[in-house]
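S.K.: here's my sequence, what's the structure:
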Amino acid sequence: MEIATVRRTLNHTLTELKRAIDRYAVAVAADLYALAWQQAAGAPPSETREQRAQLKDLKEILGSRRWQEEERRQAAAASPQPAPAQPRAVVAAPRVRPDTARTGEPVARSPRRSPSSAPAPRRSSAPARPPVPVSAPIPSAPAPSPVRTPVVAPVVKVRPPRREVPALLEAGQLWEIATELRPLLEQTARAGSTLTWPQIHKRLPSLPRLHADDQCVLLWLVDEDRRKGEPLLSALVTVGDRQMHPRFPAVAEQLGWRTPSGTRPHTAWSYEVLKAHQHWRHRR
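M.R.: Numbers count the residues shown, from 1 in each chain. Take a look at the predicted model:
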């Protein structure tokens, strides 16, 4: 898609998004906001800088407390209300006499026998057997009790569960995060410091867990939006105690950065960090 077409489509989506915000159309605004970032990913960052700045301002409105209250109110109004349960009529079952059959005819009762009419038990004519004498048991020595060996439970090492690798984000989400990450890196450069990814997550609490590949794409997008002559802000993202990120040379190479001949990569990276600090020290 041509860049002019992308910008024209994106401007139309932004206009519709502003109208949805004015009408407090929560669901429509959420869909248009996600669509706008997907459209912005179809052009280089330098061509959609103005549109992405508008999206950043509109995000503050969509994340405001008043907007969230309106979102909850509309969600509660749209949820279906359960119908009240109607009491069921209780119908008593018809009683059936025990001496009446189902067809209505009387049931013949069996005659009762009196205790005197019961037949007497028969006596056996065989002579009674004499009792068999039982000899007393001979006491025997108690058997020695077996020695029980203590059972030692095996030691089972419990390994901590592995953290699941986060899924890759869509292009629109990456562009949205990169638009928020660049001002943070500019502020870090003005302070003459560096940042690690855990520190970035603390400064941007809404930032989700990122795949390592998504981290590289984000740094590439941040520096792809730079103006001519500006140093690489991605050099400010370090590991450990201000050490060069192992993926910085690959990201910088995609941006056209080359290590000077006869210079070690770590030395060239340190010089790029120094250039970023000096460039942004007096810029606001």
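
S.K.: show me where this protein has its helices.
M.R.: Under the criterion DSSP state H, helices of the chain are mapped to 3-22, 26-40, 49-62, 65-78, 171-190, 197-203, 212-224, 248-254, 265-280.

S.K.: which of the residues in the third one are buried?
M.R.: Put plainly, it is helix 49-62. Q51, R52, Q54, L55, L58, K59, L62 (16 or more other C-beta atoms under 10 Å). Where you see a C-beta, it was placed from the backbone N, CA and C, and this is true even at glycine.

S.K.: out of the helices of the chain, which is closest to V165?
M.R.: Of all the helices of the chain, helix 212-224 sits nearest to V165, with 8.7 Å by C-beta to C-beta.

S.K.: among the buried residues of helix 49-62, which one sits closest to P260?
M.R.: R52 (33.3 Å).

S.K.: burial measure for S46, as a count.
M.R.: By the measure other C-beta atoms under 10 Å, the count of residues near S46 is 12.

S.K.: which non-adjacent residue is nearest it?
M.R.: The shortest distance from S46 to any non-neighbouring residue, by C-beta to C-beta, 6 or more residues apart in numbering, is to D225 (6.2 Å).

S.K.: contacting residues around that neighbour?
M.R.: With contacts defined as C-beta atoms under 8 Å, 6 or more residues apart in numbering, D225 is in contact with P45, S46, R49, A178, R182.

S.K.: put together a markdown table for those, with distance to T194 and pLDDT on each row.
M.R.: Output for these, formatted as a markdown table (distance: C-beta to C-beta, whole Å; pLDDT from 0 to 100):
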| residue | distance to T194 | pLDDT |
| --- | --- | --- |
| P45 | 23 | 84 |
| S46 | 25 | 83 |
| R49 | 25 | 89 |
| A178 | 18 | 93 |
| R182 | 15 | 94 |
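
S.K.: quick one on the thing from earlier: just send the helices of the chain back as TSV, with distance to L236 too.
M.R.: What follows is the helices of the chain, written out as TSV (distance: least, C-beta to C-beta, whole Å):
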stretch	distance to L236
helix 3-22	29
helix 26-40	24
helix 49-62	20
helix 65-78	33
helix 171-190	5
helix 197-203	10
helix 212-224	10
helix 248-254	10
helix 265-280	6
